[in-house]
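Asks: Pasting the sequence and the predicted model now:
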Amino acid sequence: MHAIDFQNALNPEQHAAATAPDGPLLVLAAAGTGKTRTLVYRVAFLVRRGIDAERLLLLTFTNRAAREMLERARELVGPTVGGLWAGTFHHMANRMLRRHAAQIGFRPDYTILDRDDAGSLVKRSLTERKLAGREFPKPEVLIALFSEAANRGEKVSAAIERRFGGLNGERDKILDVYRDYERAKREAGAMDFDDLLLHCLRLFNERPDVLARYQEQFLHVLVDEYQDTNLIQAELVDRVGARHRNVLVVGDDFQSIYSWRGADYRNIMTFPDRYRDAAIHRLETNYRSVPEILSVANACIAGNPRQYRKTLRPTRGAHRKPVLARIRDGGEQARFVADYVRTLRRDGYHYGDIAVLYRAHFHSMELQMELTRHRVPHVIVSGVRFFEQAHVKDVCSVLRILARPRDELAFARLLGLFPGVGDRTAQRAWEKMGGAFDASDREQRERLRAMLPAAAREQWKAVDAVLAAYRAEELHEDGGEVMHRFLKTFYEDYARRTFENHERRVEDIHELILYTARFETAEAFLSDVALLTNLDAEAENGARAGTDALRLSTVHQAKGLEWPAVIVIWATDNMFPSARALKETPDAEAEERRLFYVAVTRAKNELCLCVPEVRRTRDGGVVFCPPSRFVTEIPPELLREVRPVLI
DNA sequence: GTTTCGGTTCTTTTT
DNA sequence: GAACCGAAAC
């Protein structure tokens, strides 16, 4: 076991935080100051002090962050860190709940509903109550509303009040739908994302013995991106850490950009009040960006109220000022970006060194077309997540119904693939099956087949064989094989008939099958599948790592990443800040500004802000766009203004 | 009564 | 590209 040289590997700020004595710790880590490094070294420090890795709980905001930290910790300390509990809050909750489900009235194989699933349950209620369409809020809006209430720990009725205010007639109807939704979940033995956290907290409250066990186990709790935790998550941390009180939270209130999903940056602001003896460490030495970029970053965040004072201190040498490009419209912006990328490449940058960031996915449409025209290699970090695509969910539904006979959503999805079968038929079949479908029961499969329209009955044969094999050949340890057979006997043809781009979709499914290999059983895969967001991140490490491509991404998805050159497009009011977001809450402007700050601080050497003057609408009209308030707030002398002349 | 199909419209952010 | 709506087809 080699020694780790903490002194030399860390600067004094980082060193102090990583090797701090026990007790609560608040680490305020500004952008690019080595936050992850500090956290990883903290883990190494604790393990080296002889603490068993299993007694550390490391909570991160994304799967990506968890993976990255584990990898880096393993490099540093060796395989002993393998036993570390590391993951998102939802993962932790899921892991505990699978173990203790029975103690709070769930079966251990409960289903996790993703957004789509939750939406279809709500939609069902709306249809039954004849509330669909009309003036009534759409399923997604209602789901968001319920979720908001859950994450803020408020009553749904209060959330309705806050969001819809006066609509008193609708209030009761929305509450009815909410109750339907809750009942549907209970009957299906399912949880949505928020339930994972809520039930975990409930488990802690109702079963002090269970809580005590985890409190004892986790000698240290470390939380990354603490500014993005919501009320429930903060409470989970407080509860689990209550015994040993070695709670270390790392965060940057400047980078709190998830309040729309219940994140409450007051958690980080009030941490010293809740932990009176907390030691506060500040990381302000920035290793990422040139001083000119940091000046812009410091200037643009200065306008925000109520924040910890932090100033990014540069370590790098002077370079050149960021560019402010004044452009006529979106088309010209696209041509300018293509042009600017060419310039950067002449300066020695590769495509992979450059990212184009924007507020919302649709802001990049024109640019995508332009880049494709000019054959500029680019990768879009898409809004559509891998596991939410129709074909992926279709294939997963077979596995779901096999492993979980009571999974009605999976049942309905699978049946819906057959000709002449829609919602209605599926629902009736489910009722006839008596609320559970045991695919290993030959007779039940026969009864189901008999119920289908003639055309469907013919195609069902192929699937019937797959269903039968699951039990007969003990495929529960090989979910990939089940999906593979389903693909070969049925879904490949189905995809060819249904999707224009069926080749790509079938490729996706092959990738999915490969992915299942890392799970011991089909059940283990299913237990995690709803919590996985995209395989893209995985694929990137492998397949795409070799290709040199420009990266297009939303600012949210760029969080925690960095590039030598960053181009921000549509830096205009209405677009960034998003007019829509500003309408929602009075605090939205501050959050949009933080988002802008996140965008700016992704850049290492080159930063370019694009400000088009007009936006062309679909009907050929022209809308004038004032420059983003976040751009006009920056002292002009910090920027190099250009008005590109493009042919 | 259901399903399917074709046309239309809109697109913030995500565990 | 997907979600919605209305109309045609089964």
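Replies: Sure, I can see it.
Asks: Just list what the helix or strand where residue A:333 lies packs against, helices and strands only.
Replies: Here residue A:333, judged by DSSP states H and E, is contained in helix A:330-346. Judged by 3 or more Cβ pairs under 8 Å, 6 or more residues apart in numbering; DSSP states H and E, helix A:330-346 is in contact with strand A:323-327, strand A:354-358, helix A:365-373, strand A:563-568, strand A:603-612, strand A:614-616. All C-beta spots, glycine's among them, are computed from the backbone N, C-alpha and C.
Asks: so does it get close to DNA strand B?
Replies: No. If you take Cβ under 7 Å from any atom of the strand as the test, helix A:330-346 misses DNA strand B, and the best it gets is 12.4 Å.
Asks: Check which residues of that helix are buried.
Replies: A:330, A:331, A:332, A:333, A:334, A:335, A:336, A:337, A:338, A:340, A:341, A:344 (16 or more other Cβ atoms under 10 Å).
Asks: ok, now stretch A:559-566?
Replies: Within stretch A:559-566, the residues that count as buried by 16+ other Cβ under 10 Å are A:559, A:560, A:562, A:563, A:564, A:565, A:566.
Asks: nearest residue to residue A:624 other than its sequence neighbours?
Replies: In space, and not counting its chain neighbours, residue A:624 is closest to residue A:614: 5.7 Å by Cβ to Cβ, 6 or more residues apart in numbering.
Asks: Was I right to think that neighbour contacts residue A:622?
Replies: Yes. Using Cβ atoms under 8 Å, residue A:614 makes contact with residue A:622 at a distance of 5.0 Å.
Asks: who touches both of these two?
Replies: With contacts defined as Cβ atoms under 8 Å, 6 or more residues apart in numbering, the residues shared by residue A:614 and residue A:622 are residue A:329.
Asks: Just want to know which of these two has more residues nearby.
Replies: residue A:614 (16 against 11; other Cβ atoms under 10 Å).
Asks: sorry, back to before: to DNA strand C, which of the helices and strands packed on helix A:330-346 lies closest?
Replies: DNA strand C lies closest, by Cβ to the nearest atom of the strand, to one member of those: helix A:365-373, at 9.8 Å.
Asks: Other residues contacting stretch A:518-526?
Replies: Contacts to stretch A:518-526, defined as Cβ under 8 Å, 6+ apart, come from residues A:109, A:111, A:396, A:399-400, A:402-404, A:475-479, A:482, A:516, A:528.
Asks: swap that for stretch A:573-580, sorry
Replies: Contacting residues not belonging to stretch A:573-580 are listed as A:358-360, A:363, A:568, A:570, A:588-589, A:592-593, A:595-596, A:615, A:625-630 [Cβ under 8 Å, 6+ apart].
Asks: give me the subset of those touching DNA strand B.
Replies: Applying Cβ under 7 Å from any atom of the strand to these, one finds that A:359, A:360 fall near DNA strand B.
Asks: So which of the contacts of stretch A:573-580 belong to helices?
Replies: Counted as lying in helices by DSSP state H, out of the contacts of stretch A:573-580, are A:588, A:589, A:592, A:593, A:595, A:596, A:629, A:630.
Asks: With distance to DNA strand C, neighbour count and pLDDT as added columns, please give these in JSON lines.
Replies: Shown next, in JSON lines, are those (distance: Cβ to the nearest atom of the strand, whole Å; neighbours: other Cβ atoms under 10 Å; pLDDT from 0 to 100):
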{"residue": "A:588", "distance to DNA strand C": "24", "neighbour count": "17", "pLDDT": "83"}
{"residue": "A:589", "distance to DNA strand C": "28", "neighbour count": "16", "pLDDT": "86"}
{"residue": "A:592", "distance to DNA strand C": "24", "neighbour count": "21", "pLDDT": "90"}
{"residue": "A:593", "distance to DNA strand C": "29", "neighbour count": "22", "pLDDT": "91"}
{"residue": "A:595", "distance to DNA strand C": "23", "neighbour count": "25", "pLDDT": "92"}
{"residue": "A:596", "distance to DNA strand C": "26", "neighbour count": "28", "pLDDT": "93"}
{"residue": "A:629", "distance to DNA strand C": "29", "neighbour count": "18", "pLDDT": "90"}
{"residue": "A:630", "distance to DNA strand C": "28", "neighbour count": "25", "pLDDT": "92"}
